[in-house]
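Colleague: sequence and predicted structure, then a few things I'm wondering about:
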Amino acid sequence: MYFSNRGTLSSEHRIHGWLTRERVLFYSCTTLVLCAILLAAWYRSSDGFIRAEAARPGVDFSVFWTASHLMLNGSPAAVYDYPSFARAESALFGAYLNHGFLPWLYPPTLLLLVTPFALFPYAVSYGLFVCVGLWLFATSTLGVTGFAARFGRPRLAALVVLAYPGVFVAAVVGQNALLTAALMAFAVRWSERHPVRAGICIGLLAIKPQLAVLFPVVLIVARAWKTIWAAAISAGLFTAASVLVCGPQSLRAFLDGTRVARELVLEHRIPYWFASPTPFAALRLADASIAMSYAVQGAVALIAAAAACYVWRRTRDLRMRSAALAVATLLANPYLWFYELTWLGVALVCLVACGLEKGWHRGEQAILVLAWLLPLYEYFNRLTLWPQIGPVVLLLTLLAIVRRTRLEMKVVS
């Protein structure tokens, strides 16, 4: 369900829109075909994903599955102990990971969530994880945007949603970004009529608490007090349950892990900067100091938060609210990998739905194309080593959201 401002753009603001319903569908089908070709070529070149030196799908999911294996075998402390986790990971996935080490850097809430994964063989578990993530992402995005109304058939609309390259990237890597983006979209969708449901979704974002950082701010602006209380209680109960199951040492170990991630990855790891669409990463690549990078990141975070608050205060259109919150959250986080751009997909579908319904603003369609391709740019940038354009594209997208909100409010008034 979405609340739409039914006014259309005045003639002075409307431009010719080359991005029509038919073209959106065509581009989406083309994207899906190209993704299928890429997977087929990848499968063939890696001898069915079994050649040791070749990269393979689901690398990050192997971390989740290893953690689940340790939990089910009664060793929760080993998940946060790097030597123990490395030995388990090597025993389970040594050749698959080229005998590298991917540590567990997540909170006990996520550890509790992934515990059942190893009840199934790795391939089955990975397949179920991806399929459930795709279903949740498509369902939540279609629900908050009303996008299905633009295509007549919900399946066609779902195809467009799932054709967003960020979905492909998150699925191939085996990350939980599809789930977190779905929780965000469900929370915004239910924030008006079902505040407790919305709060529970926000509370579940405790699996990656940094992604819920702007929810309290926009909910205060919207005076959504029931949602705030429900979110706080849900997050508290979820955290308490995870600590009870995983042990109190898991919370301390997670906090220690955040320090390791900050010092070794965020602040000093060049390959990460090429794959992180943040102002901090862009500045570090430009040889800026850590202090300067944090200062600019903080300033951008404040601007993003202010923009999200502006949109949430000016309109009750859930599409604009979702779009603003998603993009602002990405800009506010200094530690952000390319797969989190799945959140950007929700914002883009919101903008496309509004553009097809009400008309396009100048430059808006070009921004959408850049943002649509950004996940692939970031994913492959670890190899191409091109300039970090992510924060620029995200800021342009946020600007487009704010401008559309402002102009639509003028039409109403």
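Modeller: Here it is on my side, so go on.
Colleague: every contact and neighbour count from this point should use C-alpha atoms.
Modeller: Will do.
Colleague: state the number of residues packed around A198.
Modeller: By the criterion of other Cα atoms under 10 Å, A198 has 25 neighbours.
Colleague: contacting residues for it?
Modeller: F186, A187, V188, R189, W190, S191, T227, A230, A231 (Cα atoms under 8 Å, 6 or more residues apart in numbering).
Colleague: and of those residues, the nearest to V392?
Modeller: The nearest member of the contacts of A198 to V392, counting by Cα to Cα, is V188 at 25.4 Å.
Colleague: pretty sure the closest one sits against S322.
Modeller: Yes: counting by Cα atoms under 8 Å, V188 touches S322, with 6.2 Å between them.
Colleague: anything in contact with each of these two?
Modeller: Shared contacts of V188 and S322 (Cα under 8 Å, 6+ apart): V144.
Colleague: contacts for the host helix or strand of S140?
Modeller: Per DSSP states H and E, S140 falls inside helix 122-145. Contacts of helix 122-145 from elsewhere in the structure, counted by Cα under 8 Å, 6+ apart, are 1-2, 58, 61-62, 65, 117-118, 148, 157-158, 161-162, 167, 171, 174, 176, 178-179, 181-183, 185-186, 188-189, 318-319, 322, 346, 349-350, 353.
Colleague: one more time with 6 Å, if that's ok
Modeller: Residues outside helix 122-145 that contact it (Cα atoms under 6 Å, 6 or more residues apart in numbering) are 1-2, 117, 158, 171, 178-179, 182, 185-186, 189, 319, 346, 350.
Colleague: where in the stretch 1-150 of the chain is pLDDT low?
Modeller: 1-16, 52-54, 95-96, 98-99 (pLDDT under 70).
Colleague: what are the boundaries of the helices in it?
Modeller: Counting by DSSP state H, counting those that start in this stretch, the stretch 1-150 of the chain has helices at residues 21-45, 59-72, 76-79, 82-93, 108-114, 122-145.
Colleague: any chance of those in JSON lines, plus distance to S276 and mean neighbour count?
Modeller: Shown next, in JSON lines, are these (distance: least, Cα to Cα, whole Å; neighbours: other Cα atoms under 10 Å):
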{"stretch": "helix 21-45", "distance to S276": "22", "mean neighbour count": "14"}
{"stretch": "helix 59-72", "distance to S276": "16", "mean neighbour count": "22"}
{"stretch": "helix 76-79", "distance to S276": "26", "mean neighbour count": "22"}
{"stretch": "helix 82-93", "distance to S276": "24", "mean neighbour count": "18"}
{"stretch": "helix 108-114", "distance to S276": "22", "mean neighbour count": "22"}
{"stretch": "helix 122-145", "distance to S276": "22", "mean neighbour count": "20"}
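Colleague: of all the ones you listed, which lies closest to R284?
Modeller: Judging the helices of the stretch 1-150 of the chain by Cα to Cα, what sits closest to R284 is helix 59-72, at 24.9 Å.
Colleague: how far off centre is the closest one?
Modeller: Relative to the centre of its chain, helix 59-72 is centred 21 Å away, using Cα atoms, centre = their mean, to the nearest Å.
Colleague: name the residues that touch that helix?
Modeller: By Cα under 6 Å, 6+ apart, helix 59-72 touches V79, E89, V114, T115, F117, A118, V173, G174, Q175.
Colleague: and which of the contacts of helix 122-145 is nearest I207?
Modeller: Taking the contacts of helix 122-145 together and measuring to I207 by Cα to Cα, the closest member is L179, at 10.0 Å.
Colleague: check contacts around that closest one.
Modeller: Contacts for L179 (Cα under 6 Å, 6+ apart) come out as G133.
Colleague: look up which helix or strand it falls in, please.
Modeller: L179 belongs to helix 177-190, assigned by DSSP H and E.
Colleague: distance of G247 from A253?
Modeller: 10 Å (Cα to Cα, to the nearest Å).
Colleague: which of these two has more residues huddled nearby?
Modeller: Ranked by neighbour count (other Cα under 10 Å), G247 and A253 place A253 first, with 18 against 15.
Colleague: ok, for V393, nearest residue in space, not its chain neighbours?
Modeller: Leaving aside its chain neighbours, V393 sits nearest to A371 (6.1 Å; criterion: Cα to Cα, 6 or more residues apart in numbering).
Colleague: rewinding a little: just the CA trace of the helix holding L179, in CSV.
Modeller: Provided in CSV are the C-alpha atoms of helix 177-190 (Å, rounded to 0.1, in the frame of the first residue of the first chain):
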residue,chain,number,x,y,z
ALA,A,177,21.2,-7.1,1.6
LEU,A,178,18.0,-8.4,0.0
LEU,A,179,16.6,-9.2,3.5
THR,A,180,17.7,-5.8,5.0
ALA,A,181,16.3,-3.9,2.1
ALA,A,182,13.0,-5.8,2.4
LEU,A,183,12.8,-5.0,6.1
MET,A,184,13.2,-1.3,5.3
ALA,A,185,10.6,-1.4,2.6
PHE,A,186,8.1,-3.3,4.8
ALA,A,187,8.7,-0.9,7.7
VAL,A,188,7.9,2.1,5.6
ARG,A,189,4.9,0.4,3.9
TRP,A,190,3.4,-0.4,7.3
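Colleague: quick one, it and helix 122-145 angle?
Modeller: Angle, helix 177-190 to helix 122-145, by axes from the mean of the first three to the mean of the last three Cα atoms, to 10 degrees: 30 degrees.
Colleague: save the helices of the stretch 1-150 of the chain as CSV, and put in distance to L219 too.
Modeller: Shown next, in CSV, are the helices of the stretch 1-150 of the chain (distance: least, Cα to Cα, whole Å):
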stretch, distance to L219
helix 21-45, 33
helix 59-72, 32
helix 76-79, 35
helix 82-93, 38
helix 108-114, 23
helix 122-145, 17
